[in-house]
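**Q** coords please:
(4 chains, ligands or ions: 6)
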Amino acid sequence: MKSYISATVFSQRETVGGHFLIVLKVPSSFKESLPGQFVMVRVKSCNHPFLSRPFSIYSVYSHGKNTFLEILYKVVGKGTEVFSRLREGDILNILGPLGKGFDLPSECDKIVLIAGGVGIAPLSFLAEYCEKDSNHAEIICYMGAGNLEALVGMDRINGICSVVKISTDDGSWGHPGSVTELFGRDMELYLGNDSRIYSCGPNPMLRSLHQLLRDQHVACQVSLEERMACGIGACLGCVVKTKSDGLVRVCKEGPVFDINSIEFSDHNG
Amino acid sequence: MKSYISATVFSQRETVGGHFLIVLKVPSSFKESLPGQFVMVRVKSCNHPFLSRPFSIYSVYSHGKNTFLEILYKVVGKGTEVFSRLREGDILNILGPLGKGFDLPSECDKIVLIAGGVGIAPLSFLAEYCEKDSNHAEIICYMGAGNLEALVGMDRINGICSVVKISTDDGSWGHPGSVTELFGRDMELYLGNDSRIYSCGPNPMLRSLHQLLRDQHVACQVSLEERMACGIGACLGCVVKTKSDGLVRVCKEGPVFDINSIEFSDHNG
Amino acid sequence: MKLKMGVDIGGLALKNPIITASGTFGYGEEYSDYFDLNRLGAIVVKGLSLKPREGNPPPRIIETASGMLNAIGLQNVGVRAFIDEKLPWLRGTNSPVVANIFGETIEDYVNVVEILNDAEGVAAVEVNISCPNVKRGGIAFGSDPILAGEITRAVKNASRLPVIVKLTPNVTDITEIARATEAAGADALSLINTITGMSVDIEKRIPHLENVTGGLSGPAIKPVAIRMVWEVVNAVSIPVIGVGGIMNARDAIEFLIVGAKAVQVGTANFINPGIAVDIVDDMRKYMTEKGISDINNLIGTLKI
Amino acid sequence: MKLKMGVDIGGLALKNPIITASGTFGYGEEYSDYFDLNRLGAIVVKGLSLKPREGNPPPRIIETASGMLNAIGLQNVGVRAFIDEKLPWLRGTNSPVVANIFGETIEDYVNVVEILNDAEGVAAVEVNISCPNVKRGGIAFGSDPILAGEITRAVKNASRLPVIVKLTPNVTDITEIARATEAAGADALSLINTITGMSVDIEKRIPHLENVTGGLSGPAIKPVAIRMVWEVVNAVSIPVIGVGGIMNARDAIEFLIVGAKAVQVGTANFINPGIAVDIVDDMRKYMTEKGISDINNLIGTLKI
Ligand SMILES: Cc1cc2nc3c(=O)[nH]c(=O)nc-3n(C[C@H](O)[C@H](O)[C@H](O)COP(=O)(O)OP(=O)(O)OC[C@H]3O[C@@H](n4cnc5c(N)ncnc54)[C@H](O)[C@@H]3O)c2cc1C
Ligand SMILES: Cc1cc2nc3c(=O)[nH]c(=O)nc-3n(C[C@H](O)[C@H](O)[C@H](O)COP(=O)(O)OP(=O)(O)OC[C@H]3O[C@@H](n4cnc5c(N)ncnc54)[C@H](O)[C@@H]3O)c2cc1C
Ligand SMILES: Cc1cc2nc3c(=O)[nH]c(=O)nc-3n(C[C@H](O)[C@H](O)[C@H](O)COP(=O)(O)O)c2cc1C
Ligand SMILES: Cc1cc2nc3c(=O)[nH]c(=O)nc-3n(C[C@H](O)[C@H](O)[C@H](O)COP(=O)(O)O)c2cc1C
Ligand code: FES
Ligand code: FES
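**A** Ligands and ions are numbered 1, 2, ... in the order given. As a prediction, this is how the structure comes out:
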């Protein structure tokens, strides 16, 4: 039986401006988490925010008898604002791991990650996971952000990937422009059966990646974001339009989808 | 101009079971607080509880440049439950000092305090205040509680009063029975112009004190409790029935009243 | 103390008064990972229509203060697919399954009921009358006593199962609708459905919901639900099921005290999927504490 | 950027669209310790009746999730004492003072208005039509379009001041009432008043309020208020003032975007007595950020 779990804040710190890394002490069942899965999070003692908030799992590991779960998040509204003030010992309620994670590459030479901002979180977990795996594929990461200060999660991904390429909208670091653009220049390197592309980021970014890859034969999976109420498939609140199955639930059928299966709209972008 | 103030939690501890002493760092304007006045308190970052909660000022003092305000409270519902989990550094919003405090004895020989449970809070502040004052009246305190474990604020009051008499409903300390009963036995000692009686406690206790004193000529002031929304006289939510002025606001015309002016009902008791 | 938790709702016997509300519990399956569904008084499934419905485009939900707005648009698999694909699984639990139904015309409702009549494992129907009647210019069935009576009578005549009519709070006088549905043969009433609300994204200056308006649920609406249940309990003699903002046993007990014979837990399931059984357990604790051996001795005991 | 914050409400010119709501701001004096009242768009005073009223016995308030219920029972000093004792002080501020009025019969309302006509320093009347009409079996004036029209017409005919009619949300179709009051001559509308609710003390099994039911206010009701303002703005052409659950500038801006020309801040005053001017300040910030130089260019700009 799964359950609604109390998790204690083990530590929290601001990594780059407005982005926080929170480490939670969780039951050992979380060790089974797969890259791309997420958790629903809520402050135990406060009814504000009212609904739980979904976050990708950034990392899970054990230390002695304890299991720790990391979330990397950006403050964008009232919920994340409240979370950012949590301190060691505060108690959260969480549900998870939830959703369908990334299809993991069985055999492939190149794993390409394309991250927009805090979209790095599930991709970083994926990279860690693949690195530990027997699979010896090369892992390449394209990371984009608004500016230098918003480049979150770089240290960790740098330690795992063979190549990390950066873009910032304002040119304050790396390629000046979007990460899709940056990836687009190298794209030919990855067209073929030996590469797997994984991406997570804001909807407009995923939309332009979709444009870019539309006529290519390459496997690309994306992790989507939608407002969620339940996270377990019950409320039908988190649907996204797909090309062949109509409206499907991001929390249950996703959050990871083949990029080509999604009908990108612009309501969220 | 008064204002809605941010106050930082300096410390908090559980004094006796279910009762907490919280110390807040407040602006120096609070040094003007008078015994019997109160503050409205709310957690800054959480909308739960929604309305501020009224608490008597238990003590105010300066240390170096800082002013500290103490509240002694009992956990009885959701607001006090949330407050009890506050820790050093948490931020509250407070309004105050509010209301009309006790009429301070100009000249008198005996100051008699009758406290039910956490009703000790404003009386303890009054005792401290009178002790510092030039006035050298004797201060006598009658304290009652459900049981030994609920006798809150005893240490401090013990250090100020010449006599402290205790009752507990279950007889686990002092007189077995109510504090009004205990006081009733000694009452004759205090009937006259040289005594002032001050009381604070649950409504049923004040009601029986009122019965006891009804036909006596003795000055007795009580601090009342009512649910409050604004604490500043605007909502008309906190009214109490008086004998000659109809419904009056506890927050503005009170919370301190002459015991004989109140028409005690039993809605709260 | 041996506690009796069973209640009777217009011929439907429940082992306890805790029901999960339509649209907040899927078809039960999603929650079976979290607790034993047999512990529920009953399960009301997501609203069913004659034909499958895709529902509204996203965004469909937005949080509000102590609540949420939803405009799911009654997405559902349709009554036939429900019977073929969802009901067999639900027959595995012994909690009664209530089919919540809706339509755009009276005939729609009647057709759905007729199909359900032949299905094994449905214990009652709950008729959602908050929907617009397309034949009458879109006025909701539930906001007009005559329409509400008509649809109740039609469904009742067609149904072999007990009929619970679910009332909308978006009315001037809910007792008028309640009396009309009682007179038309409803076996029980449930209330309230969501209150229509709206929320605006001030950055983009667009409604937060693609559908513009949505239904407000959660603790924000509890005081309105309690008041309406109280009014309706005093206006009719059929059993009333209280719904709206229940987050814990204390909330559920409020509804019972004002006179609801059972309650439905809605939005709270989204926050804690195990909440419904927690409520059952905590209600037992309250009964034990207060020395109430039969839940029926708590129902309708408000002192005025 | 020089910001224009002024709006016009049916002949009443406001320096900014932030008004304090009736019953939540006393007669202004209580708040003057906390900020300069001159900074407000307008002040609506506690509801006034012909005779002083003692109001309901306590308890009168109870907190709910993100809101509160009140059953003050319209306690007030009466219109004459208001003029003699409260108005002289209020004349010291230059923010327009709006007299909120109520009664039990149409004559009551008319009498109050006639007395106010001669008072110096009242800029408009706001007619609270949520009250029961004692001559018509207690149905609220505001829940029946015919009654609402009648009372509006009577007040409008009697008044030398602009007439704002304050609508109740406890109705099936608020646009129907809005249109009736517009047709009857209302200069502006304000909405919403509180939603009727109830709350129960499960320990004592009594209502939390001595009056049993009370009016729900606060953030809990904001989605309902926004929806109703949106509906009414689309149904009438007179100015609409949005009220309900405003806690900050973002909330106020939501109302303006859907089309309210001004807003009233109610329950929020209880929590932070300085909130109304904080909202004025934060609204200026929003305008500066978005490059909106005239608040009128924000009003009614919702994109659907
Ligand atoms: C499966 C999944 C995984 C996610 N993983 C992460 C993560 O690892 N790190 C991270 O920082 N964020 C992640 N998000 C996004 C995160 O859930 C939202 O940022 C968060 O819910 C915002 O809450 P808030 O109360 O601060 O914002 P709100 O005040 O609710 O809203 C602020 C803004 O954020 C938008 N928003 C709100 N909820 C969502 C949502 N669920 N998805 C997208 N936009 C939203 C709103 O439309 C609004 O524009 C994830 C979302 C999903 C669905
Ligand atoms: C002027 C004044 C001074 C006070 N000083 C103190 C103090 O020094 N220490 C202390 O512990 N308490 C004090 N109180 C009481 C305190 O305000 C309440 O205990 C508190 O508001 C309860 O909040 P809650 O959210 O925990 O309880 P709730 O969940 O709101 O209610 C729990 C129970 O407490 C009762 N209650 C709620 N509010 C009040 C209230 N304002 N007065 C009385 N009963 C209430 C409710 O009716 C209910 O039975 C004072 C009250 C007033 C009016
Ligand atoms: C996401 C969602 C979907 C709902 N779908 C339905 C439905 O299909 N049929 C129905 O009668 N009520 C539906 N409701 C209303 C609930 O059953 C319930 O009446 C309402 O949410 C109030 O209860 P709550 O505050 O406990 O959620 C839905 C509510 C929500 C939040
Ligand atoms: C304690 C209290 C007293 C009120 N008294 C009145 C009144 O006398 N006349 C009136 O028209 N509205 C009255 N109202 C309603 C408010 O003016 C306002 O319409 C309502 O509270 C919704 O706004 P809010 O959510 O911002 O509080 C009162 C509200 C409260 C909370
Ligand atoms: S969040 Fe409820 S179905 Fe996905
Ligand atoms: S608490 Fe508002 S008038 Fe006293």
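**Q** Any idea what residue C:243 is bridged to?
**A** In this entry, residue C:243 is beta-bridged to residue C:264, by DSSP bridges.
**Q** actually residue A:61, sorry about that
**A** Taking DSSP bridges, one finds residue A:68 as the beta-bridge partners of residue A:61.
**Q** quick one: it and residue A:67 touch, right?
**A** Yes - counting by C-beta atoms under 8 Å, residue A:61 touches residue A:67, with 7.4 Å between them. C-beta: built from backbone N, CA, C; applies to glycine.
**Q** Can you pick out the residue with more neighbours from those two?
**A** Ranked by neighbour count (other C-beta atoms under 10 Å in any protein chain shown), residue A:61 and residue A:67 place residue A:67 first, with 19 against 13.
**Q** Just to check, residue C:12 is in contact with residue C:122?
**A** No - with contact defined as C-beta under 8 Å, residue C:12 does not count as touching residue C:122 (10.9 Å).
**Q** can you list residues touching both of those two?
**A** Listed contacts common to residue C:12 and residue C:122 are residue C:98; contacts here mean C-beta atoms under 8 Å, 6 or more residues apart in numbering or on different chains.
**Q** Measure how buried the residue lying closest to residue A:202 once chain neighbours are set aside is and give me the count.
**A** Spatial nearest neighbour of residue A:202, excluding adjacent residues (C-beta to C-beta, 6 or more residues apart in numbering or on different chains): residue A:116 at 5.3 Å. Per other C-beta under 10 Å, the neighbour tally for residue A:116 reads 24.
**Q** Roughly how far does residue A:116 sit from ligand 4?
**A** 39 Å (C-beta to the nearest ligand atom, to the nearest Å).
**Q** Point me to the helix or strand that includes residue C:81.
**A** Here residue C:81 sits within helix C:79-81, counting by DSSP states H and E.
**Q** Any buried residues in that helix, and which?
**A** Going by neighbour count (16 or more other C-beta atoms under 10 Å in any protein chain shown), the buried part of helix C:79-81 is residue C:79.
**Q** what comes into contact with stretch A:198-205?
**A** Around stretch A:198-205, the neighbours that count as contacts under C-beta under 8 Å, 6+ apart are A:56, A:102, A:111-117, A:119-123, A:126, A:144, A:178-180, A:206, A:209, A:220-225, A:259, A:264, A:266, A:268-269.
**Q** Okay, helices next: where are they in the stretch 151-269 of chain A?
**A** A:154-160, A:179-186, A:203-213 (DSSP state H, counting those that start in this stretch).
**Q** where does the closest residue to residue A:62 other than its chain neighbours land in three-state SS?
**A** Nearest in space to residue A:62, with sequence neighbours left out and distances taken as C-beta to C-beta, 6+ apart, is residue A:31 at 6.5 Å. Of the three states, residue A:31 takes helix under DSSP: H, G, I helix; E, B strand; the rest coil.
**Q** Tell me how many other residues surround the residue lying closest to residue A:112 once chain neighbours are set aside.
**A** Nearest non-adjacent residue to residue A:112, counting by C-beta to C-beta, 6+ apart: residue A:197, 4.6 Å away. As a burial measure, residue A:197 scores 24 neighbours (other C-beta under 10 Å).
**Q** quick one: residue A:197 from residue A:126, how far?
**A** Remark: distance between residue A:197 and residue A:126 (C-beta to C-beta, to the nearest Å) = 11 Å.
**Q** got any residues that touch both of those two?
**A** Common contact partners of residue A:197 and residue A:126 (C-beta under 8 Å, 6+ apart): residue A:113.
**Q** Spell out which parts of chain C neighbour ligand 6.
**A** Within chain C, no position is adjacent to ligand 6 by C-beta under 6 Å from any ligand atom.
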